[in-house]
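# Pasting the sequence and the predicted coordinates here, then a few questions.
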Amino acid sequence: MDVELRQLRCLVAVVETGTFTDAGIELGISQAAVSRNVLALEGRLGVRLLHRTSRSVTPTSAGIRVLARARQVLTDVEELVREATSGHTRLRLGHAWSALGRHTAEFQRRWAAEHPGVELQFVRTNTTTGGLAEGLCDLAVVRTQLDLRRFAHITIAQEDRYAALPADDPLVRKRTVTLEQLRDRVLSIDRRTGSTTIDLWPATEPPGRGRPRIEFTHDVDDWLTAIASGRSVGVTAQATTTQYRRDGITYRRLRDAPPVDVHLI
């Protein structure tokens, strides 16, 4: 037996209304039908999804995970039906950090003017492919070092690299900075979705000498927080400087760093 949409709807309704009776009223079916569907879903997945007492119904830890996915599935199905019946279409453009940078707003305006029948949605996803491999978008803008042989792709731009510095850092007084000036710093790197690696600094003898110390961060917000706190500095593509202007952070162009390739995949 496959998982059915009605089973997912019953699970969501029970959690949102708090009882099997109210879930049945919400869905227009009997309490017994709601119970059968939830039990069938638990049987299919092989896990208990709800804690049932005489006074309350709450999701188990497994139920919380399934509930989140169930809501997403039901939302996707609703959107599919809406698009199929109304003729309305959309294009989801994924990105991990900064979409199209300083061109984002202009692109949105031009798209609305030239393609009024196609809704443009920007989807930020903290994955190496900007959500494309996960099926969360139709196209994605990526700046990471990615094996592009897996995807249809085109290079749409090259962006200068910038140093992201705490606002009170002495280097802020300079108009531009160099990689050499960052060698003795702590460098925040998002190794999953960031565009920077330690290889920007050539290896020297003994190994590791002359390279920044590394602090790994989990996403762009974590990266920004580490820099604003003064714990570290960062290196990023130009698009970040327009998408993420934050108190406590100043950007300065790196005049001796190679540019970042921007790909549409």
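Nice, thanks for sending it over.
# Quick check on the nearest residue to Pro212 once chain neighbours are set aside: phi, psi?
In this structure, Pro212 finds its nearest non-sequential neighbour in Leu187, 3.8 Å apart by C-beta to C-beta, 6 or more residues apart in numbering. For the C-beta atoms, the positions are set from N, CA and C on the backbone; glycine is no exception. Reported as degrees, to the nearest 10, the phi and psi values for Leu187 are phi -110, psi 120.
# how's this structure carved up into domains?
5-68, 86-158, 159-258 (the TED database).
# Asp76: which of these is closest?
Ranking those by proximity to Asp76 (C-beta to C-beta) places domain 86-158 first, at 9.4 Å.
# immediately after the helix or strand that contains Thr242, which helix or strand?
Counting by DSSP states H and E, the element that carries Thr242 is helix 238-243. Counting by DSSP H and E, the element after helix 238-243 in chain order, helix or strand, is strand 249-254.
# List the buried residues in that next one.
Residues Ile249, Thr250, Tyr251, Arg252, Leu254 are the ones in strand 249-254 that count as buried (16 or more other C-beta atoms under 10 Å).
# Which residues are in contact with the third one?
To tie it back to what came earlier, the one meant is Tyr251. Applying C-beta atoms under 8 Å, 6 or more residues apart in numbering to Tyr251 gives the contacts Tyr162, Ala163, Ala164, Leu165, Thr240, Thr241.
# ok, which pair from these is furthest apart?
Pairwise across the contacts of Tyr251, and taking C-beta to C-beta, the largest span is found between Leu165 and Thr240, at 12.8 Å.
# Quick check: Arg252 touching Arg173?
No: Arg252 is beyond contact range of Arg173, at 9.5 Å (criterion: C-beta atoms under 8 Å).
# what's the longest helix in this protein?
helix 61-86 (DSSP state H).
# Stretch 48-56: how far from the chain's middle?
33 Å (C-alpha atoms, centre = their mean, to the nearest Å).
# now stretch 68-85
Worked out by C-alpha atoms, centre = their mean, stretch 68-85 lies 20 Å from the chain centre.
# Export that stretch to CSV, keeping only CA atoms.
Output of stretch 68-85 as CSV, limited to C-alpha atoms (Å, rounded to 0.1, in the frame of the first residue of the first chain):
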residue,chain,number,x,y,z
ALA,A,68,6.7,18.8,8.2
ARG,A,69,7.1,16.8,5.0
ALA,A,70,3.3,16.1,4.8
ARG,A,71,2.5,19.8,4.9
GLN,A,72,5.1,20.5,2.2
VAL,A,73,3.6,17.7,0.0
LEU,A,74,0.1,18.9,0.4
THR,A,75,1.1,22.5,-0.4
ASP,A,76,2.9,21.3,-3.5
VAL,A,77,-0.2,19.3,-4.6
GLU,A,78,-2.4,22.3,-4.1
GLU,A,79,-0.1,24.5,-6.2
LEU,A,80,0.0,21.8,-8.9
VAL,A,81,-3.8,21.7,-9.1
ARG,A,82,-4.0,25.6,-9.0
GLU,A,83,-1.5,25.9,-11.9
ALA,A,84,-3.2,23.1,-13.9
THR,A,85,-6.7,24.5,-13.5
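# Read off the pLDDT value for Pro170.
For Pro170, the pLDDT comes out at 96.
# any idea how far Leu218 is from Val3?
I think there's a mix-up here, since residue 218 is His and not Leu. Here the criterion is C-beta to C-beta, to the nearest Å. By it, His218 lies 31 Å from Val3.
# Pick out the least confidently modelled helix or strand of this protein, by mean pLDDT.
For the chain, scoring each helix and strand by mean pLDDT, DSSP states H and E identifies helix 61-86 as the least confident one, at a mean of 87.
# Fine by me, thanks again.
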